[in-house]
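Novice: what follows is a predicted protein model with its sequence.
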Amino acid sequence: MIFTKTVKGRAEVAHRELGLSPVQRRLLILLDGLKTAAELQAFVRVDELDAALAHLQQAGLIEATDALDGLTVTAAVGFTAAGPQEIPRAATSPAEFFKVREETSRFVMEHLGAAGEPIGAAIDRCNSPAELRKLLRGVEIFIGQRLSAETTQTFARHFGALLL
């Protein structure tokens, strides 16, 4: 079975308002509409998966899809097609991704000045949400060494949520 986040689930990833357990939160973050329940098993203990998925589903944070593993339609290389009623977002729309990429680069340049120029250039070279997410892990550490913890946390939450 394959699960995907609902609008409520994406909001929970961004804002942490429901007090999910670490296992539930980890699964919610990992759910992308592509991973099967069997693939998710690798990220939790043997007896935790079913209960955590059931809780997330009952809370309205995830829903089962009718998609079959391996048949996901792509919108462009590195992107997946949005569902029929899903609003465009960085992971499903190249246009939205480019907006997020530009916003991320602008944030780095505004907050780090000349020290952020190489990072801004690296961000501008990213061609997919997966590439940008990977790069942002290191950028977050770099920002954390130069800016306040609050600014770093805001950066990570904001851009991390946009790329889910």
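Specialist: Received, thanks. Numbers count the residues shown, from 1 in each chain.

Novice: alpha carbons of stretch 143-153, as CSV, please.
Specialist: Once non-C-alpha atoms are left out, stretch 143-153 reads as follows in CSV (Å, rounded to 0.1, in the frame of the first residue of the first chain):
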residue,chain,number,x,y,z
ILE,A,143,23.7,29.1,8.4
GLY,A,144,23.6,27.8,11.9
GLN,A,145,27.3,28.6,12.4
ARG,A,146,26.7,32.2,11.3
LEU,A,147,23.2,33.2,12.3
SER,A,148,21.0,32.8,15.4
ALA,A,149,19.5,29.4,16.2
GLU,A,150,16.0,31.0,15.7
THR,A,151,16.8,32.1,12.2
THR,A,152,18.4,28.8,11.3
GLN,A,153,15.3,26.9,12.6
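
Novice: contacts for it?
Specialist: Defining contact as Cβ atoms under 8 Å, 6 or more residues apart in numbering, one finds that stretch 143-153 is touched by 108, 111-112, 115, 140, 155. Backbone N, C-alpha and C define where each C-beta goes, glycine included.

Novice: any of the residues you listed buried? List them.
Specialist: Neighbour-count burial (16 or more other Cβ atoms under 10 Å) applied to the contacts of stretch 143-153 gives 108, 112, 140, 155.

Novice: so the second one sits in a strand?
Specialist: When you say that, I think you mean residue 112. No - counting by DSSP: H, G, I helix; E, B strand; the rest coil, residue 112 is not found in a strand; it is helix.

Novice: burial count for the closest residue to it other than its chain neighbours?
Specialist: Sequence neighbours aside, residue 146 is the residue nearest to residue 112 in space, at 6.3 Å (criterion: Cβ to Cβ, 6 or more residues apart in numbering). Counted with other Cβ atoms under 10 Å, residues neighbouring residue 146 total 13.

Novice: just the CA atoms of whatever helix or strand residue 99 lives in, as CSV, please.
Specialist: Counting by DSSP states H and E, the element that carries residue 99 is helix 94-112. What follows is helix 94-112, C-alpha atoms only, in CSV (Å, rounded to 0.1, in the frame of the first residue of the first chain):
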residue,chain,number,x,y,z
PRO,A,94,8.6,22.9,-12.0
ALA,A,95,7.3,26.5,-11.9
GLU,A,96,6.6,26.3,-8.2
PHE,A,97,10.0,24.7,-7.6
PHE,A,98,11.8,27.5,-9.5
LYS,A,99,10.0,30.1,-7.2
VAL,A,100,11.1,28.2,-4.1
ARG,A,101,14.6,27.9,-5.4
GLU,A,102,14.8,31.6,-6.1
GLU,A,103,13.4,32.4,-2.7
THR,A,104,15.9,30.1,-1.0
SER,A,105,18.8,31.7,-2.9
ARG,A,106,17.5,35.2,-2.0
PHE,A,107,17.3,34.3,1.7
VAL,A,108,20.9,33.0,1.8
MET,A,109,22.2,36.1,-0.1
GLU,A,110,20.3,38.5,2.1
HIS,A,111,21.4,36.9,5.4
LEU,A,112,24.9,35.9,4.6
